[in-house]
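Q: my questions concern the predicted model and sequence given below.
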Amino acid sequence: MTHSPYLRTISRSEGRRNCSANGFRTTANLGIIEALRTCTAQLNLNSFAEVHLLGSSCLIRYTRSRGDQLFNLPIIFDLRYWQRRDLSVPEKGYIGFDNEEGGHCESDAMRAVAERAKIPGSATVGIENRVAEMKRAGKNVISLAAGQPDFVTPQHIREYAKKALDEGYTFYPPSRGLPELREVISKKVAKENGIEADPNSEIIVTVGGKQAIFSSILTLVDAGDEVIVADPSWVTYEPCVKLAEGRVVPVPVSEQNQFRLMAEDILKAVTSRTKLIIINSPNNPTGSVLRREDLKEIADVACDKDLFVISDEIYEYLVYDGLKHSSVGSLPGMKERTITANGFSKAYSMTGWRLGYLVGPKQIVQHILAIHEHSVTGPCSFAQKAAAQAMNDPRSEKSIESMVTEFEKRRNVMVQGLNKIPGITCVKPSGAFYSFANISALGRNSMQIANHLLEKALVATVPGSAFGERGEGYLRLSFANSAENITEALDRIRSALGKL
């Protein structure tokens, strides 16, 4: 194992002073982070995302870049091992670290971790954590990295939640979800999405849309099964598939066709091991929107090859320029092979409420329910009560319309501004609240550009490489921020890139 001269541990005596029976105290956690902070330049650390206590060991996960790749690396400190043996650990020593291959220092705790659990943390979450840390330090960072609306949950929805609390909705909910919420979801998907779903057997209310997707993947994917996803795509699909011991097969999408996932490209990627296609429209990170004709062609492939589809439709209301959202589950032959994942985070600006839902065929949903029951039981009851009432309240529709109008204005400000910056081009996204800007002419990889903008311009963006190999050469910039902040951020970006 290579010993890196760049990575300094806290001292043995310092570790002993701050070690308790349950692991490190807060002061030791901070000490470790400060130790890591000293090697930022050499390791090109991008965030301090997590500190986990594993008995008396401390697992630190952080991200760094090497070339055009993003790594999430674990470092293990095991004080029990240091204390029970007379090791020659200097007061200012080093821990084993494979600096070339992105390895980690082994310990009893790390060897106990299952291989499936050794997945990277979320790059987008890591960036937001770093932004929060910089803001706490008093830096005026403008975040264009956010994956959530910047609007507070509408007042009437918050009032419904308060009322539900006062009415005693504080107990475990039914695992499938409150009956009244499932009923209103059933009516909604029939009217708006063209999908008939029995509220008692084909709908589950989940802890956010992410849990709907994860539980569905765990239900459908066996070890060795192949799952087709667009490249680039949302950072969470691949880790979910890996946790199910499946294999992601990336299908490239291109700027030339507005980053739309095309059936002909999917067909080229299908093998005898292919089990599932994941589609996401409107799309994160590209803002693309699949037309109904696109979905019909994808449905033909799914039916011909006997494949399942997970359709992530969390951004369904956020479409612009007169386009209409369509659901693949409404097409002939698709209801029995499609799980539609959705939620309240984006349209209702309820990201912190952690409330989503899935709709699918009974024979699949009953198995998803078992995973759901044994993992989360169900989302909190008062949030479900508020959501059920919100879906029936005309004020919610007005709030959504107002938000979409504002996002469309901001999108125009963002795209026009980006296209005026030398070295950057950006196609106009048709949906969601992300622009996916082409920065390939700048002569740096996306991680380098994102780091440069954060450090020199105090503007947070997400490197395209976080979303897949074909994301390299791009930055994701969210317009879930005020028009004033977007304009200021664009000015800062122009200035910082002029100093590259």
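A: Alright, I've got the coordinates.
Q: who's in contact with the helix or strand harbouring Ile277?
A: With elements taken from DSSP states H and E, the one containing Ile277 is strand 274-280. With contacts defined as C-beta atoms under 8 Å, 6 or more residues apart in numbering, strand 274-280 is touched by 213, 217, 220-222, 225-230, 233-234, 237, 246, 249, 261, 266, 290, 295, 298, 301-302, 305, 307-313, 328. Using the backbone N, CA and C atoms, a C-beta is placed for each residue, glycine as well.
Q: of the residues you listed, buried ones?
A: 213, 217, 220-221, 225-230, 233-234, 237, 246, 249, 261, 266, 290, 295, 298, 301-302, 307-313, 328 (16 or more other C-beta atoms under 10 Å).
Q: show me those residues that map onto strands.
A: Secondary structure defined by DSSP state E assigns 226-230, 249, 308-312 of the buried ones among the contacts of strand 274-280 to strands.
Q: can you tell me which of those residues is closest to Glu159?
A: Asp312 (29.9 Å; C-beta to C-beta).
Q: distance of Lys456 from Glu255?
A: 27 Å (C-beta to C-beta, to the nearest Å).
Q: actually Ser375, sorry about that
A: 38 Å.
Q: repeat for Val249
A: With the distance defined as C-beta to C-beta, Val249 ends up 21 Å from Glu255.
Q: where along the stretch 101-250 of the chain do the strands fall?
A: For the stretch 101-250 of the chain, applying DSSP state E, counting those that start in this stretch gives strands covering 142-143, 203-206, 226-231, 247-252.
Q: of Ser375 and Glu255, who's got more company?
A: Glu255 (16 against 12; other C-beta atoms under 10 Å).
Q: please name the nearest non-neighbouring residue to that one.
A: Counting by C-beta to C-beta, 6 or more residues apart in numbering, Glu255 lies nearest to Val427, which is 5.9 Å off, once chain neighbours are set aside.
Q: and Ala347, how many neighbours?
A: Neighbours around Ala347, by other C-beta under 10 Å: 20.
Q: ignore what I typed, I meant Ile424.
A: Neighbour tally, Ile424, other C-beta under 10 Å: 23.
Q: now do the same contact list for the nearest residue to Leu477 once chain neighbours are set aside.
A: Spatial nearest neighbour of Leu477, excluding adjacent residues (C-beta to C-beta, 6+ apart): Leu144 at 4.3 Å. Contacts for Leu144 (C-beta under 8 Å, 6+ apart) come out as 459-461, 477-479, 481, 486, 489.
Q: in a markdown table: those, plus neighbour count.
A: Formatted as a markdown table, these follow (neighbours: other C-beta atoms under 10 Å):
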| residue | neighbour count |
| --- | --- |
| Val459 | 25 |
| Ala460 | 23 |
| Thr461 | 27 |
| Leu477 | 30 |
| Ser478 | 26 |
| Phe479 | 28 |
| Asn481 | 21 |
| Ile486 | 23 |
| Ala489 | 25 |
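Q: now flag whichever of the residues you listed is closest to Asn419.
A: So of these, ranked by how close each gets to Asn419 (C-beta to C-beta), first place is Leu477, at 12.3 Å.
Q: and the closest one, how far is that from Gly329?
A: 31 Å.
Q: got it, and Ser465?
A: On the measure of C-beta to C-beta, Ser465 and Gly329 end up 32 Å apart.
Q: ok, back up a step: okay, the residue nearest to Leu477: pLDDT?
A: What the model reports as pLDDT for Leu144 is 97.
Q: how is this structure partitioned into domains?
A: Annotated domains of the chain cover 3-113, 127-151+397-497, 155-393 [automatic domain parsing].
Q: closest to Ile119 out of these?
A: Taking C-beta to C-beta, domain 155-393 is the member of the domains of the chain nearest to Ile119, at 4.5 Å.
Q: end to end, how far does the closest one reach?
A: Start-to-end span of domain 155-393 (C-alpha to C-alpha, to the nearest Å) is 12 Å.
Q: and stretch 158-176, C-alpha only, in CSV?
A: Extracted C-alpha coordinates of stretch 158-176, given in CSV (Å, rounded to 0.1, in the frame of the first residue of the first chain):
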residue,chain,number,x,y,z
ARG,A,158,-48.2,24.2,5.1
GLU,A,159,-51.5,25.0,6.8
TYR,A,160,-52.8,21.6,5.9
ALA,A,161,-49.8,20.0,7.5
LYS,A,162,-50.3,22.0,10.7
LYS,A,163,-53.9,21.1,10.8
ALA,A,164,-53.1,17.4,10.3
LEU,A,165,-50.7,17.6,13.3
ASP,A,166,-53.4,19.2,15.4
GLU,A,167,-55.7,16.4,14.4
GLY,A,168,-53.3,13.7,15.6
TYR,A,169,-51.8,12.5,12.4
THR,A,170,-48.6,11.5,14.2
PHE,A,171,-48.8,7.7,14.1
TYR,A,172,-47.5,5.1,11.7
PRO,A,173,-49.4,5.4,8.4
PRO,A,174,-50.6,2.4,6.3
SER,A,175,-47.5,1.2,4.4
ARG,A,176,-49.2,1.7,1.1
